[in-house]
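K.L.:
Got a predicted structure here, sequence first:
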Amino acid sequence: MIRKTRLYTPGPTPLLPAAQFAMAAADMHHRTPEFRALFQKVLEQLKIFVGTQNDVLLLSSSGTGAMEAAVTNLTSPGDKVLVLTAGKFGERWTGLTKAFGCVPDVVSAPYGQTFDLAEVRAALKPEHKAVFVQATETSTAVRHDIEAIAKLIKEAGSQALLVVDGITGLGTTHFDVDGWGIDVLIGGSQKAVMIPPGLAYLSVSERAWTAMETTKNPRYYFDLRKERKNAAKGESAYTPAVALIAGLGAALDYIAGQAGGDLEKGRIALVNNAQVNAEATRAGLVALGFTLFAPTAPAAAATAVAVPEGMDSSDVVKALKMRFALVAANGQGEMRGKLFRVAHLGFFDYLDTIALLGAMEHIAKDTLGLPVKFGQAVAAAQEVYASTTKA
Ligand SMILES: *Cc1c(COP(=O)(O)O)cnc(C)c1O
């Protein structure tokens with residue numbers, strides 16, 4: 001039978017056709033009025049997508065480039081910082097801050113869980129220059145409560161800058177960037193904005209710009225003050241990923257199109273889309289007898305599913321690929337073999353969820369030998385869809 005390749009990985013995610021056409025047609029030089037018009041339009045759209053009055057910058061790099069930029073621009077060697085980590089991406093903050101000479105205090109939550117806020121509060125010290133955290137920890141599919149963390153920092157009277165990796169949080173959770181006081185919020189192109197890897201974007205608060213005037217870590221390619229100066233003229237400091245920027249513009253137009261051209265409402269619709277698909281997926285997989293890896297604070301960006309004791313999640317990932325050309329993600333690091341992950345962020349619709357659950361019924365039965373009644377997972381997802389959307 002024909003098998004269509006379907007990406008269900010939490011980055012890269014499925015590509016929006018309109019963005020692919022825009023990328024193919026983006027034959028332009030980056031020091032021209034045509035590009036400046038495109039770049040300025042996309043930066044304006046990104047401010048609405050992120051939901052902030054702060055500057056939003058666009059970098060030609062994967063998401064980690066913007067994470068590195070946050071560390072190098074906002075810190076000096078020897079700075080004490082607080083890292084909140086609950087998985088592989090949290091651990092990246094620890095590695096990055098250490099690589100640039102910071103001294104991180106680390107609050108960790110076990111894989112599959114979010115932080116104990118009292119523990120965060122107790123760990124926060126007046127000398128901390130910045131707090132680094134994920135909005136959603138993609139390796140475990142956990143959502144962290146950024147609003148509560150931001151509030152806790154404010155209430156403690158801390159001057160620490162709040163730096164949030166929202167690479168899978170943007171487009172899957174609601175943020176009030178300026179209201180909560182998020183100083184840096186980072187996104188990546190291969191996640192909810194439906195285009196290939198290669199772009200990172202980040203919002204930068206006034207407090208963060210002020211801090212940059214005196215911080216001493218080395219930076220060159222990721223010099224945010226230089227990018228800000230160039231962005232004011234509609235350009236980037238170096239040759240940008242022009243085609244990806246054209247694709248991003250088309251994707252943000254599409255997201256706005258979900259709400260009659262209103263990008264702010266379109267963003268909310270995109271978040272709700274991910275949330276309904278995530279809830280339907282969880283219901284379907286639980287109905288099949290699976291255990292969620294992150295039951296207490298599940299992210300809408302992706303779902304992590306534990307396989308029953310004695311079974312290997314690699315077999316599920318392999319079987320989905322072999323039988324249905326469906327690409328799911330295994331666990332990362334120590335979690336490999338223990339869980340698999342499927343995404344809901346970006347260009348996924350309800351019928352993608354139904355397709356996934358239909359495939360999982362076959363895999364649960366044939367690969368894992370679970371007692372499956374066909375329709376079980378699909379029906380549970382349909383109940384969620386029926387109760388959350390109007391006909
Ligand atoms: C995908 C992802 C990243 C960025 O990874 P890159 O490979 O550098 O794009 C960072 N944080 C989270 C939470 C992610 O999901």
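P.N.:
Yep, that arrived.
K.L.:
which residues touch L43?
P.N.:
L43 makes contact with 56-58, 231, according to Cβ atoms under 8 Å, 6 or more residues apart in numbering. Placement of C-beta: from N, CA and C, glycine included.
K.L.:
so how far is the helix or strand that it is a member of off the chain centroid?
P.N.:
L43 belongs to helix 33-50 when elements are defined using DSSP states H and E. Put simply, helix 33-50 sits 21 Å off its chain's centre (Cα atoms, centre = their mean, to the nearest Å).
K.L.:
How about stretch 267-280?
P.N.:
The answer for stretch 267-280 is 14 Å, by Cα atoms, centre = their mean.
K.L.:
ok so V81 is a helix residue?
P.N.:
No: secondary structure of V81 (DSSP: H, G, I helix; E, B strand; the rest coil): strand, not part of a helix.
K.L.:
hang on, it packs against V106?
P.N.:
No: using Cβ atoms under 8 Å as the test, V81 is too far from V106 to be in contact (9.6 Å).
K.L.:
more crowded one of those two?
P.N.:
V81 (26 against 16; other Cβ atoms under 10 Å).
K.L.:
now that one, which residues is it bridged with?
P.N.:
Using DSSP bridges, the beta-bridge partners of V81 come out as P104.
K.L.:
quick one: the residue lying closest to D105 once chain neighbours are set aside and the ligand, what's the gap?
P.N.:
What sits nearest to D105 in space, not counting adjacent residues and going by Cβ to Cβ, 6 or more residues apart in numbering, is L82, at 5.2 Å. Per Cβ to the nearest ligand atom, to the nearest Å, L82 is found 18 Å from the ligand.
K.L.:
Same question for G358.
P.N.:
G358 is 26 Å from the ligand, by Cβ to the nearest ligand atom.
K.L.:
Show the pLDDT at the nearest residue in space to that residue that is not next to it in sequence.
P.N.:
Leaving aside its chain neighbours, G358 sits nearest to V378 (5.7 Å; criterion: Cβ to Cβ, 6+ apart). pLDDT, V378: 98.
K.L.:
What helix or strand is V378 located in?
P.N.:
Using DSSP H and E, V378 falls in helix 376-388.
K.L.:
circling back to that earlier point, the residue nearest to G358 contacts I354, doesn't it?
P.N.:
Yes: contact between V378 and I354 holds when scored by Cβ under 8 Å: they sit 5.9 Å apart.
K.L.:
neighbours of the residue of the stretch 251-391 of the chain found nearest the ligand, just the number please.
P.N.:
Taking Cβ to the nearest ligand atom, the ligand has its nearest neighbour within the stretch 251-391 of the chain at A301, 7.4 Å off. Residues lying near A301 (other Cβ under 10 Å) number 33.
K.L.:
how about it, phi and psi?
P.N.:
phi -70, psi -40 (degrees, to the nearest 10).
K.L.:
That one against N273, yeah?
P.N.:
No: taking Cβ under 8 Å as the definition, A301 is not a contact partner of N273, at 11.8 Å.
K.L.:
Spell out which residues are contacts of both of those two.
P.N.:
Shared contacts of A301 and N273 (Cβ under 8 Å, 6+ apart): H344.
K.L.:
same for the helix holding V378, what does it pack against?
P.N.:
The contact analysis (3 or more Cβ pairs under 8 Å, 6 or more residues apart in numbering; DSSP states H and E) places helix 376-388 against helix 263-287, helix 350-366.
K.L.:
Name the nearest residue to the residue nearest the centre of the chain, sequence neighbours excluded.
P.N.:
Most central in the chain under Cα atoms, centre = their mean is T168, positioned 0.9 Å from the mean C-alpha point. Using Cβ to Cβ, 6+ apart and skipping the chain neighbours, the partner closest in space to T168 is A301 (3.9 Å).
K.L.:
if I look at that neighbour, how far off is V131?
P.N.:
21 Å (Cβ to Cβ, to the nearest Å).
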